[in-house]
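A.B. asks: Curious how this folds, go ahead:
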Amino acid sequence: MFSSERLPLAEAYAGWLADAGTVRGLIGPREVPRLWERHLLNCAALGEAVPLNATVCDLGSGAGLPGLVLAIARPDLHITLVEPLLRRTTFLQEVVADLDLEGVEVIRGRADDLHGRRTFDIVTSRAVAPLERLLRWSMPLVAADGALVAMKGSSVVEEIVAAERVLADYRCGPPEQHHLGAGLVSPTTLVVRVAWADPGRVGWSFVPRTAHATPRSRRRR
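C.D. replies: The predicted structure follows:
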């Protein structure tokens, strides 16, 4: 998961999560004994679905999962961490500075703040929202040849069914489920990948802005 050169950075990040991360309420104390298997390795497996030298946007990055883990494991990537809460962005900026992670940008804001301004090869997230809402926030940030690659749990099939209308409205291709990290992590990391049905006609721009803006009641998490 981590090369010999990058493993010390992963260990230092685990230290940040176990210390400042728990003190500031970003990680629950019960998560500390299982930081590696449940969080770091689980997120590092996501790298299997990310192309070389890709631009990656991690929405609702929180404590940096999976964005900071990808930045540590894959120095070829250009990572943008998007998080609305100040205490979380402060933590992210401190970790990025302490670990001297190049190619990592921290933005305090919401997904829709970047709609129409930025696009990325990969837009990812972990435990942010059901797929139906996640599509509205993420797809406007997905480049024509890019994809949403979201970490999901056992309810992914139900989420895909519930998102059928949004998938059609946004002209998305059929969602794909992938199990990553086989033989390396147990259980494997489950992701859902959604790309544009026709890269030549990106679909979100045809949907009224009110349909994909982040609802105010959900803007602070």
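
A.B. asks: tally of neighbours for residue 171?
C.D. replies: 17 (other Cβ atoms under 10 Å). For glycine as for every other residue, the C-beta is placed from the backbone atoms N, C-alpha and C.

A.B. asks: Please report the confidence value the model assigns to the residue nearest to it when sequence neighbours are not counted.
C.D. replies: Nearest non-adjacent residue to residue 171, counting by Cβ to Cβ, 6 or more residues apart in numbering: residue 203, 2.8 Å away. Looking at residue 203, its pLDDT stands at 72.

A.B. asks: shouldn't residue 203 be in contact with residue 170?
C.D. replies: Yes. Between residue 203 and residue 170 there is a contact under Cβ atoms under 8 Å: 4.3 Å.

A.B. asks: quick one: common contacting residues for those two?
C.D. replies: Common contact partners of residue 203 and residue 170 (Cβ atoms under 8 Å, 6 or more residues apart in numbering): residue 139.

A.B. asks: Neighbour count: these two, which is higher?
C.D. replies: Neighbour tally, residue 203 and residue 170, criterion other Cβ under 10 Å: the higher count belongs to residue 170, 25 against 19.

A.B. asks: Please tell me I have it right and that one contacts residue 137.
C.D. replies: No. If you go by Cβ under 8 Å, residue 170 and residue 137 don't touch, sitting 11.4 Å apart.

A.B. asks: For the lengthiest strand in the chain, output the C-alpha coordinates as PDB.
C.D. replies: Longest strand in the chain, counting residues (DSSP state E): strand 142-151. Output of strand 142-151 as PDB, limited to C-alpha atoms (Å, rounded to 0.1, in the frame of the first residue of the first chain):
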ATOM      1  CA  VAL A 142     -16.000  15.600 -13.000                       C
ATOM      2  CA  ALA A 143     -14.000  16.300 -16.200                       C
ATOM      3  CA  ALA A 144     -15.400  15.100 -19.500                       C
ATOM      4  CA  ASP A 145     -13.100  12.000 -19.400                       C
ATOM      5  CA  GLY A 146     -13.100  11.700 -15.600                       C
ATOM      6  CA  ALA A 147     -15.300   9.900 -13.100                       C
ATOM      7  CA  LEU A 148     -16.800   9.900  -9.700                       C
ATOM      8  CA  VAL A 149     -15.200   7.200  -7.600                       C
ATOM      9  CA  ALA A 150     -16.900   7.100  -4.200                       C
ATOM     10  CA  MET A 151     -16.200   4.800  -1.300                       C
END
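
A.B. asks: That strand pairs with which strands, parallel or anti?
C.D. replies: Strand 142-151 has the following sheet partners, assigned by DSSP bridges: strand 120-126 (parallel), strand 189-195 (antiparallel).

A.B. asks: Any stretches of the protein with poor pLDDT?
C.D. replies: 205-221 (pLDDT under 70).
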